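Novice: My questions concern the predicted model and sequence given below.
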Amino acid sequence: MKSQANATGSYIRLPATLAIGFTGHRTLADESKCRKLVYDFLSQRKAAAEGTIYGVSSVAAGADLLFAESCIQLEIPLHVLLPMPKEEFRKDFDAATWSRAEQAMAKAISVEVTGGNQPRDELYYECGIKTVQQCGLLLALWNGEPSHGMGGTEDIVSFARGLERPVVWIHSTTGEETYFNAKSQDELLDDPELDFLNDLPDPIEKIETNSPQGLAWAWFNKMDENANVSAPQLRRLAAIPIVCTAAAALFTGAASWARNFELWLTVGTLLGVMAAVLPIVLGLHRRQTSLARTRTAAEVTRSVLAYWNTPGPYEVIGSEVIPELSGMLSSLNLLKMRDRAQSEVALEDFKRQYRNGRVANQISYFSRQAAKSAATARRYRTAILTSVVVAILLNILLFVGKHAWPSVASGSWKIWLSLGGSIAFEIATVAGAMIVVEDSDRRRQRYREMHYLLVEWDAQLERLRTWLSVLGVADRIERALLVEVIEWRSVIRHRKLPSK
């Protein structure tokens, strides 16, 4: 993987990442032995990784705290999940153990509270479920016995196995390792989609990548620039078959007037054949697929950056929505969690940045695009109406003129053939143009709808005063902004990705 990653010479690259989640007992028969089992497992994983691994775990007394301390000792980034706020969570600790937990949280790259006002056992259960959802591999330190209450180790292991998540079970007494849904670490870190995106050309202008946020912005610029270059190229190439179709109609229609009837008809036919085969020859579907993949990556990264100064990882669009981008999202989330500065931004500062830098720009964008789409639709409708009227008049003139001349009566079959071919090509041309018109109308309505919704949501953001309520509205905004590009990408979702 490393040699392939360096082959293109690209300096803007996201590392493949693997989140190792953890679940285990609070009470351990031999804590020293269990600590060594967990430490050795993580040490081996870190040494073998050709990407970046990080831990996801609670810091509850017992096995969770051993895992957290082992990550910190091995300098493996740690994302801590708390089942409840710290003030409530500390009630489950004695003074010495809480001091250890506080030290682990202080050295973690991020601390996220997963629960609210549910009963205590449900809070621990939700924290365990969240751990599974955020990891690519679950490590369980477990004695193999059933859970004694909701949220026990067996519950979490069972949930992970049901999701077909790879699970490594270390028996807390014997030390024996058992694997469920086993995958090698190379398989877990292998990500063809991330390789494809990493290998795209870097932006022409050199971009600073020394900080986590700097790398994220550089990645966005890389994705956005590649999409912006590909889109007009694709539109120009897609226009070639349409031009060939129109030319075929012209040559076929003019054939009956020409002296060399067979030559004109042959040229028209060849142009029609070219119109049919050029999409394949030019690789239009492959190019559209590449553009969809790049544009989706750019827009999802834009959304992550809009959320950069919020507490916790980015969760608006998860891997369950775009499984192909799970590696990119995991890598960007790790960068976000490692950026200590982002956690210090106050709510009012985030609101100002988000409204001015994201919402206001999108309101302006959708307003411009709605007007542009309406104008495009009008132009195509005018072109269609004009071309249809002209084609009909010319064909009538051709037909009447030929029949008015007795000298060419014997060649009337030529007229019918010419007329039929011309009409067929004209119908094809108009049908192709109609697709564009209908899409313009759809986009115009979509842009108007988005403009209205964003104005309404922006008014709500202005008045909201808590992180929970602000992020609730921001979630709706980001999902609405991403839904269209995700639907576009869904056309190619089941297309097999190229292997590296």
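Specialist: Here it is on my side, so go on.
Novice: Low-confidence regions, this protein specifically.
Specialist: Across the chain, the stretches falling below the confidence threshold (pLDDT under 70) are 1-9, 253, 255-258, 340-344, 388, 391-428, 430-438, 491-500.
Novice: show me where the protein has strands.
Specialist: Using DSSP state E, the strands of the chain run over residues 17-24, 52-57, 78-82, 110-113, 137-142, 167-171, 177-180.
Novice: Can you list the helices and strands that the fourth one packs against?
Specialist: With contacts defined as 3 or more C-beta pairs under 8 Å, 6 or more residues apart in numbering; DSSP states H and E, strand 110-113 has these neighbours: strand 78-82. Quick note: C-beta positions are derived from backbone N, CA and C, even for glycine.
Novice: any chance of the strands of the chain in CSV, with mean neighbour count and distance to residue 319 too?
Specialist: Rendered in CSV, the data for the strands of the chain read as follows (neighbours: other C-beta atoms under 10 Å; distance: least, C-beta to C-beta, whole Å):
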stretch, mean neighbour count, distance to residue 319
strand 17-24, 26, 11
strand 52-57, 24, 14
strand 78-82, 24, 16
strand 110-113, 20, 17
strand 137-142, 25, 14
strand 167-171, 20, 18
strand 177-180, 13, 20
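Novice: Mind putting the ones you listed into TSV with distance to residue 489?
Specialist: Converted to TSV, the strands of the chain look like this (distance: least, C-beta to C-beta, whole Å):
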stretch	distance to residue 489
strand 17-24	22
strand 52-57	26
strand 78-82	28
strand 110-113	28
strand 137-142	27
strand 167-171	30
strand 177-180	31
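Novice: which one of these lies closest to residue 100?
Specialist: strand 78-82 (12.7 Å; C-beta to C-beta).
Novice: In its sheet, which strands sit next to the closest one, and in what direction?
Specialist: Strand 78-82 sits in its sheet next to strand 52-57 (parallel), strand 110-113 (parallel), going by DSSP bridges.
Novice: Looking at those, which is nearest to residue 280?
Specialist: Nearest to residue 280 among these is strand 52-57 (40.7 Å), distances taken as C-beta to C-beta.
Novice: Show residues contacting that closest one.
Specialist: Strand 52-57 is contacted from outside by 15-22, 42, 45-46, 64, 67-68, 71, 76-81, 109, 131, 134-135, 331, 334, using C-beta atoms under 8 Å, 6 or more residues apart in numbering.
Novice: let's go with 6 Å and repeat that
Specialist: Taking contacts as C-beta atoms under 6 Å, 6 or more residues apart in numbering, the residues outside strand 52-57 that touch it are 15, 17-22, 45-46, 64, 67-68, 71, 76-79, 131, 134-135, 334.
Novice: just stretch 345-365 next, same as before
Specialist: So stretch 345-365 is contacted by 306, 309, 454, 458, 461, 467 (C-beta under 6 Å, 6+ apart).
Novice: so how far does it reach from one end to the other?
Specialist: Its first and final residues considered, stretch 345-365 spans 27 Å by C-alpha to C-alpha, to the nearest Å.
Novice: Could you give me the buried positions within it?
Specialist: Judged by neighbour count (16 or more other C-beta atoms under 10 Å), stretch 345-365 contains these buried residues: 347, 350, 351, 354, 355, 358, 359, 362, 363.
Novice: which residues does the nearest residue to residue 279 once chain neighbours are set aside contact?
Specialist: Spatial nearest neighbour of residue 279, chain neighbours left out: residue 241 (5.8 Å); criterion: C-beta to C-beta, 6 or more residues apart in numbering. Shown here is residue 241, whose contacts under the criterion C-beta under 6 Å, 6+ apart are 275, 278, 279.
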